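*Asks:* how does the following fold in three dimensions:
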Amino acid sequence: AFLTPWKRVFGLTESQVQLAKAENARGLFAARLDALAAEDYPSAESLRALKAWQREVRLPDAAAAACMAEATRQRLEFMLDQALAQA
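*Replies:* Reported below is the predicted structural model:
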């Protein structure tokens, strides 16, 4: 496979490329997590697949945990808002 010489072609440093990869992995993981959150209660198999995909995009556990915590918080707020609206 052809690898672009990042420094020469785009004027990027190795750390900038690594940061871009990490940010993109986080964004992709968050998008997958949002799609999974459409289910009322994700299955264990869905969560295992998400974990495998996390490893595939090389997203650190800490970043994945932060995304998961944010998605859980949003889901909980949504459910509480619905419960209050029905009361």
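*Asks:* helices of this structure, start to end?
*Replies:* 6-10, 14-37, 44-56, 61-86 (DSSP state H).
*Asks:* which of those has the lowest average pLDDT?
*Replies:* Lowest mean pLDDT within the helices of the chain: helix 6-10, at a mean of 76.
*Asks:* hmm, who's touching it?
*Replies:* 4, 12-14, 16-17 (CB atoms under 8 Å, 6 or more residues apart in numbering). In this view, the C-beta of every residue, glycine as well, is placed from N, C-alpha and C.
*Asks:* same question for stretch 13-29.
*Replies:* With CB under 8 Å, 6+ apart as the test, stretch 13-29 has contacts from 6-7, 50, 53-54, 57-60, 63-64, 67.
*Asks:* farthest-separated two in those residues?
*Replies:* Greatest spatial distance among the contacts of stretch 13-29 (CB to CB): 7 and 50, at 34.1 Å.
*Asks:* comparing those two, which residue is more hemmed in?
*Replies:* residue 50 (18 against 12; other CB atoms under 10 Å).
*Asks:* so who does the more buried one touch?
*Replies:* Counting by CB under 8 Å, 6+ apart, residue 50 has contacts 29, 32-33, 36, 42.
*Asks:* buried only: go through these for me.
*Replies:* By neighbour count, with 16 or more other CB atoms under 10 Å, those hold 29, 32-33 as buried.
*Asks:* quick check, nearest of those residues to residue 81?
*Replies:* Out of those, the member with the shortest distance to residue 81 (by CB to CB) is residue 33, at 19.8 Å.
*Asks:* spatially, what comes nearest to the closest one if we skip its sequence neighbours?
*Replies:* residue 71 (5.0 Å; CB to CB, 6 or more residues apart in numbering).
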